[in-house]
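A.B. asks: Take a look and give me a structure for this.
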Amino acid sequence: MKHAFLDNKPILLQPETYNRIPFWRMAARQDQIRCPVCAFPLRLIAGVTFEPYFAHAEDVDCSGLSLEEASGPDWLLVQEQVAAATAVADKPEEVETTEDPMIGSFRMPKKRSIGKSATVPSPAPKPPIFRKRLTPKKSIQHLAEQKRNESLHPGQQQAVHTTEGPLLILAGAGSGKTRVMTARTAHLIQDKGIEPKQILVVTFTTKAAEEIRQRIARQLLPSQARELVAGTFHSIFYRMLLHHQPARWDQQRLLKKEWQKWRLLRETGVLLGHDDLLALKENEALDALGVISRWKNEYLLPHDVAYREPESDTEKQAQQLYPLYEEAKRKHNWFDFDDMLIGCYEMLREDSTLLKRYQDRITHVMIDEFQDINRIQYETVKLLAAPHNNLCVIGDDDQSIYGFRGSDPQYILGFTKDFPEAQTITLEVNYRSHSSIVSLGYSLIGHNRERWEKECRSFHHEEGDAYLFEPEDEEEQASRIVDEIIHRQEHGAALGECAILYRTNESARPILERLSEAGIPFHYTQEEDSFYQRQTVRWTLAYLRLAQNPDDSDALKEVLPTLYISHEMWNALRSQAILEDVPILHVLPNQAQLKPYQRKHLQTVMDILTSCREGSAAQALELIYEDGKLRDYLKKRAKNREDGKDRWADELQQLLAASKRHATVADFLTYIDQMTQREKEWRTQRPLPEEAVHVLSIHRAKGLEYDHVFLPDLVEGALPHEYTLDELRKGGNAALEEERRLLYVAITRARHSLCIGIPRERFGRKTRISRFVAEMGR
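C.D. replies: Here you go, the predicted model:
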């Protein structure tokens, strides 16, 4: 139904009132929105592809007439009230008085209130787009009917039967790349008489290698499939190293995790005498080790980077750490994944006899995902493929998205320069996505300059659905995505065919929480610490807990650093609270060793926390941030961070946005405790893939496909990322092109529908729609 009662006043869902949906959604959560017929509480359902409506809980049977159907004097009065409510719904809200809102004896921070102004009022903001179809800027052709039933279209057949000499296969998204690789391998074995052990197939994931083996096994003898040399670069190169140098490459000596590398540096003593490096925080050290890994993938050794001009503090730290890290590994016989690549390359380059043995044995090489190759991998492949150069590389430069790992699309772009005799075949038919989705991706990626020009066609004649929607903030965005998933499930869609793809981990939290609240199973790989376990968030929540319970000693102990009180004072505080039989918070301002200004501030904090019991969770947070000086403390704490990223500010704003869904501090803390407990379950429970929504980063989604894809936060600073915008301001365009490729990958994961969220606020700040939206559609 479209109508309901809130505080005994009628409300009506229609385009003019859709901007009230976030407020009404919160009221519905608190059972304040009621059915005008039976007076039972109503839920608000607002997804993406359908109009919003109010609905009863499943166990409520309301047999009364709808407002539209009812008649009689009483109902006519109700209809008049609804009409009146509708008439004023589009008017701007009254401006608040200059009197600042109060909580107890405290005024809310002035900058948060809306005051009257003598200046000319600014124009009313543009109303949000509840839902709008996104039409591609460029249309594409469909595959001709007479070819649709063939197992391989002409381009694929040509790729399968071109077996001699270097070959570049440009395989667009959804173009049947794995089918071609399988058919080509089978053709080499069955029709060309090549022994399986003479064929090297390199993939970027173990899963992809296993899939090719399984497909081959269905076409050939099982023994032939087993003899095929297939795997990832690391697995194949490591097997070679282990065979020839087993003592040097004992797997027990492998540094698998980044933190293990940092521990090695700290515990082996190589940092002694380097006080600046010893003072590095763990996250700074891990960032520097990430730069070292990228350099190693580019085959840049310590002496190669020692005198280059660092582009950032992180690179400068990496220059200092690099030789020390290599020394520590060498002394204690450790190695990392990057060493496997360098070790194999140097082993083959330096032992010509061994290299020739491999070259004689391997006559055909096929490399998957060639756009993601790095220099050391490429140089090793060229050694193994020579002198036959029956080297087939398959990839899509438009899907090169791993620059942070050292991947460089220039290798696929420059392949025909390295091998002038190479043939190039383009697989231009997308078998995966409906035509409008293919067209959106094609329209977007065409704005990149550094790419192979390609034609693109769709196998499907069905248009598919692509929608934009503008929620109020990231919390409302998550609610609408979950409502849409429930709607699709009710209309027959499988949860396993729904995916939510995000650019950064910050986008995932509200989505996971809404899914959990709705009881929808999901797959999610935790890539970071829990949001509620981050230090900034823990401090803030500890203040809220103190507001609820001034005798919460654990909470007070947590926030002591933010009050510039040493932990050495802890025992004195606790002892005094016991002696005076008062809550531990109340003895805080009474410590004799405190200076007057400290005592004054601590008294203010205590008064704030007392007042917080009377206001909403959001109001309490605002007071803690501003009057309680938590924001100032965090700003001072972070001012010397080299990357300049104020992550703490985003975390405060995320917490504030989440709190607005809860009327009281107690409700909010109860909710957080529930989410913290549920998160422990997320980490252990693994529902079947077909029975759960997939929540993952765009980077992780590469190579996957789903019927329905949701892309949250398509705004400037998220996608394209803020780092990219910084690079753009410095004149660099490469990062922007990679971000465009990243969005292209996300779009082309969708088979049937695509829903793009553009929150009007993110982390409490107004947003600007991503430039990519205008590039791909209208």
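
A.B. asks: As a check, name the ranges of all strands in the stretch 101-250 of the chain.
C.D. replies: 102-103, 106-107, 132-133, 141-142, 167-171, 199-203, 229-232 (DSSP state E, counting those that start in this stretch).

A.B. asks: mind checking how far the last one is from the chain centre?
C.D. replies: In this view, strand 229-232 has its centroid 29 Å away from the chain centroid, taken as C-alpha atoms, centre = their mean, to the nearest Å.

A.B. asks: what are the pairing partners of that strand, and which direction each?
C.D. replies: In its sheet, strand 229-232 lies beside strand 199-203 (parallel), with partners assigned from DSSP bridges.

A.B. asks: Contacts for the strand it pairs with, please.
C.D. replies: Identification of contacts with strand 199-203 by C-beta atoms under 8 Å, 6 or more residues apart in numbering yields 181, 185, 188-189, 209, 212, 228-233, 236, 362-369, 381, 384. Any C-beta I mention is one placed from the backbone N, CA and C, and that applies to glycine too.

A.B. asks: circling back to that earlier point, out of the strands of the stretch 101-250 of the chain, nearest to L621?
C.D. replies: Evaluated with C-beta to C-beta, the strands of the stretch 101-250 of the chain place strand 102-103 nearest to L621, the distance being 11.2 Å.

A.B. asks: biggest strand in this protein by residues?
C.D. replies: Using DSSP state E, we find that the single longest strand of the chain is strand 750-757.

A.B. asks: in its sheet, what does that one sit against?
C.D. replies: Within its sheet, strand 750-757 is paired with strand 465-469 (parallel), strand 706-711 (parallel), according to DSSP bridges.

A.B. asks: ok and the next helix or strand after the shortest one relative to strand 750-757, angle-wise?
C.D. replies: Tracing the chain past strand 465-469, the next element assigned as helix or strand by DSSP states H and E is helix 474-490. Per axes from the mean of the first three to the mean of the last three C-alpha atoms, to 10 degrees, the angle that helix 474-490 makes with strand 750-757 is 150 degrees.

A.B. asks: wait, isn't I194 in contact with T363?
C.D. replies: Yes. The criterion here is C-beta atoms under 8 Å, and I194 meets it with T363 at 6.5 Å.

A.B. asks: Report the distance from the longest strand of the chain to the chain centre.
C.D. replies: With C-alpha atoms, centre = their mean, you get 16 Å for strand 750-757.

A.B. asks: could you measure the closest residue to R432 other than its chain neighbours against C392, distance?
C.D. replies: Nearest in space to R432, with sequence neighbours left out and distances taken as C-beta to C-beta, 6 or more residues apart in numbering, is G174 at 2.9 Å. For G174, the distance to C392 (C-beta to C-beta, to the nearest Å) stands at 20 Å.

A.B. asks: Those two: which is more packed in?
C.D. replies: Neighbours per residue (other C-beta atoms under 10 Å) separate G174 from C392, with C392 holding more: 28 against 23.

A.B. asks: and that one, which of the three is it?
C.D. replies: Here C392 is recorded as strand under DSSP: H, G, I helix; E, B strand; the rest coil.

A.B. asks: any idea how far it lies from Y378?
C.D. replies: According to C-beta to C-beta, C392 stands 14 Å off from Y378.

A.B. asks: ok, back up a step: take the strands of the stretch 101-250 of the chain and write them to CSV, including distance to A618.
C.D. replies: Below are those laid out as CSV (distance: least, C-beta to C-beta, whole Å):
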stretch, distance to A618
strand 102-103, 11
strand 106-107, 14
strand 132-133, 30
strand 141-142, 51
strand 167-171, 50
strand 199-203, 49
strand 229-232, 48
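
A.B. asks: Can you add mean pLDDT and give those back as a markdown table?
C.D. replies: Output for these, formatted as a markdown table (pLDDT from 0 to 100):
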| stretch | mean pLDDT |
| --- | --- |
| strand 102-103 | 64 |
| strand 106-107 | 62 |
| strand 132-133 | 92 |
| strand 141-142 | 74 |
| strand 167-171 | 94 |
| strand 199-203 | 91 |
| strand 229-232 | 88 |
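
A.B. asks: Of those, which is nearest K730?
C.D. replies: Judged by C-beta to C-beta, the one of the strands of the stretch 101-250 of the chain that comes nearest to K730 is strand 167-171, at 31.1 Å.

A.B. asks: which of the residues in the closest one are buried?
C.D. replies: Residues 167-171 are the ones in strand 167-171 that count as buried (16 or more other C-beta atoms under 10 Å).

A.B. asks: do the same with stretch 582-601
C.D. replies: Neighbour-count burial for stretch 582-601 [16+ other C-beta under 10 Å]: 583-585, 587-589, 594, 598, 601.

A.B. asks: Contacts made by that stretch with the rest, please.
C.D. replies: Identification of contacts with stretch 582-601 by C-beta under 8 Å, 6+ apart yields 546, 549-553, 556, 563-564, 569, 572-574, 576-577, 580, 602-603, 605-606, 609, 629.

A.B. asks: One more pass at 7 Å, please.
C.D. replies: With contacts defined as C-beta atoms under 7 Å, 6 or more residues apart in numbering, stretch 582-601 is touched by 546, 550-551, 553, 556, 569, 572-574, 576-577, 580, 602-603, 606, 609.

A.B. asks: same deal with stretch 535-547?
C.D. replies: Residues contacting stretch 535-547 (C-beta under 7 Å, 6+ apart): 531-532, 552, 555-556, 558-559, 562, 585, 609, 612-613, 620-621, 624, 628, 630, 634, 648, 651-652, 655, 665, 669, 672.

A.B. asks: filter these to the buried ones?
C.D. replies: Listed as buried from the contacts of stretch 535-547 are 531-532, 552, 555-556, 558-559, 562, 585, 609, 612, 620-621, 624, 628, 630, 634, 648, 651-652, 655, 665, 669, 672; burial here means 16+ other C-beta under 10 Å.
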